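Visitor: turn this into a model:
(4 chains)
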There are 2 protein chains.
Amino acid sequence: MNMKLDLRKIEKISKALGDPYRLKIMELIKQQKCALQCSSIIDTFELSQSTVSHHVKQLIDADLLIAEKDGRHVNYQVNKEVFDSYIKYLRNFGN
Amino acid sequence: MNMKLDLRKIEKISKALGDPYRLKIMELIKQQKCALQCSSIIDTFELSQSTVSHHVKQLIDADLLIAEKDGRHVNYQVNKEVFDSYIKYLRNFGN
DNA sequence: TTAATGCATCGAAATATTTGGATATATCGA
DNA sequence: TCGATATATCCAAATATTTCGATGCATTAA
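Guide: Residues are numbered from 1 along each chain as shown, chains lettered A, B, ... in the order given. Sure thing, here's the model as predicted:
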C-alpha cells in the first residue's frame, strides 16, 4: 500500500508511542495470535477502565490500532501498514 | 552495532519525535550535508533561543542527535545507529 | 423487559510539557 | 582585556496530558 504520511501524522504516531502504558498495550496486542479485547488490557494494568480506554483511543486515533466491534466487545489489531509507513519515514534518518 | 533499546528508551525516543518543531529540527539537520549549528535552527522558527535549545536538548537526551562542540558553536548530527535500533524495534509491529 | 457487561465519554484534579525572559558560561574578534 | 556571539540553564506562566470517578450507551443474558 505504501502510504505517505505527512509530518502531522508522524507527530501523532510518535506521540502515541511515547507513553509506557501505550507501548505495553501495543506489545500485548502484538503478542496475541488473535485480536485482543479491551477487558484483557484492563486486567493487565493498575489503571482504571476509563484511563485504559483513553490510551487505546489515542492508539486508534494515530491509526496504530484497528478496532473491530464484536457485540459487546471490541477487538484490536496492530495496523501493520501504518507501522510500515512510519518505518519508511524514519528510514530517512537511519540507513 | 545493533544495540537493543529497552522500553523506557523507546518511549523517550518516541516522545522526542512527538513534537512538530522537533521533527522539523530533525529534518533540517538531516538535510544538511555537514552538521548544523543551533543558530541556523533558531533562524528557521518563530521560537525563542531558549525554546529551541530546550527542544534540541530533548533530541540529544534521546540520543537522536549527536552534539559536537566547535568553538562557540555546536554542530548536530543525526545518530543513525539509534534510528536503526528504533526502526528495528518498530519492525516487530510491522512486516 | 430488566440487570449486568463492555466500552466510550465527560468533567475535574494532578501532573508534565512547552515557552520565553533573564541570566550564566564559554569562546571569539577587536 | 572588553564587547559581542553561541548556547545552556533557571524560573515561572501558559498549555497539554494523564488519570479517575461518574455516567451514558449498546449489547447480551436471564
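
Visitor: now do the helices in chain A.
Guide: All helices of chain A, identified by DSSP state H, fall at A:7-17, A:20-31, A:38-44, A:49-61, A:80-90.

Visitor: need those helices in TSV (columns: distance to residue A:70, mean neighbour count and mean pLDDT).
Guide: Placement of C-beta: from N, CA and C, glycine included. Written out in TSV, the entries for the helices of chain A read as follows (distance: least, CB to CB, whole Å; neighbours: other CB atoms under 10 Å in any protein chain shown; pLDDT from 0 to 100):
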stretch	distance to residue A:70	mean neighbour count	mean pLDDT
helix A:7-17	23	19	98
helix A:20-31	15	17	94
helix A:38-44	11	15	76
helix A:49-61	15	16	96
helix A:80-90	20	19	96
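
Visitor: which residues of chain A lie near DNA strand C?
Guide: A:37-39, A:42, A:49-50, A:53-54, A:56-57, A:67, A:72-74 (CB under 7 Å from any atom of the strand).

Visitor: at 6 Å instead, please
Guide: A:37-39, A:49-50, A:53-54, A:56-57, A:67, A:72-74 (CB under 6 Å from any atom of the strand).

Visitor: out of those, which two sit at the greatest distance?
Guide: Set against one another by CB to CB, the residues of chain A next to DNA strand C have their most distant pair in A:54 and A:72, with a gap of 19.4 Å.

Visitor: dump the helices of chain A into JSON lines; add distance to DNA strand D as well.
Guide: Compiled in JSON lines, these are given as follows (distance: least, CB to the nearest atom of the strand, whole Å):
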{"stretch": "helix A:7-17", "distance to DNA strand D": "6"}
{"stretch": "helix A:20-31", "distance to DNA strand D": "5"}
{"stretch": "helix A:38-44", "distance to DNA strand D": "10"}
{"stretch": "helix A:49-61", "distance to DNA strand D": "3"}
{"stretch": "helix A:80-90", "distance to DNA strand D": "18"}
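
Visitor: would you mind giving these as CSV with distance to residue B:25 added?
Guide: CSV is the format used below for the helices of chain A (distance: least, CB to CB, whole Å):
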stretch, distance to residue B:25
helix A:7-17, 12
helix A:20-31, 24
helix A:38-44, 34
helix A:49-61, 24
helix A:80-90, 15
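
Visitor: and those helices: which comes nearest residue B:7?
Guide: helix A:20-31 (5.6 Å).

Visitor: which residue sits closest to residue A:88, ignoring its sequence neighbours?
Guide: residue A:2 (7.5 Å; CB to CB, 6 or more residues apart in numbering or on different chains).

Visitor: next, find the distance separating the one you found from residue B:81.
Guide: Residue A:2 sits 26 Å away from residue B:81, going by CB to CB, to the nearest Å.

Visitor: what's near enough to touch the closest residue to DNA strand D within chain A?
Guide: Of all residues in chain A, residue A:71 sits closest to DNA strand D, with a separation of 2.5 Å (CB to the nearest atom of the strand). Taking CB atoms under 8 Å, 6 or more residues apart in numbering or on different chains, we find residue A:71 in contact with no residue.
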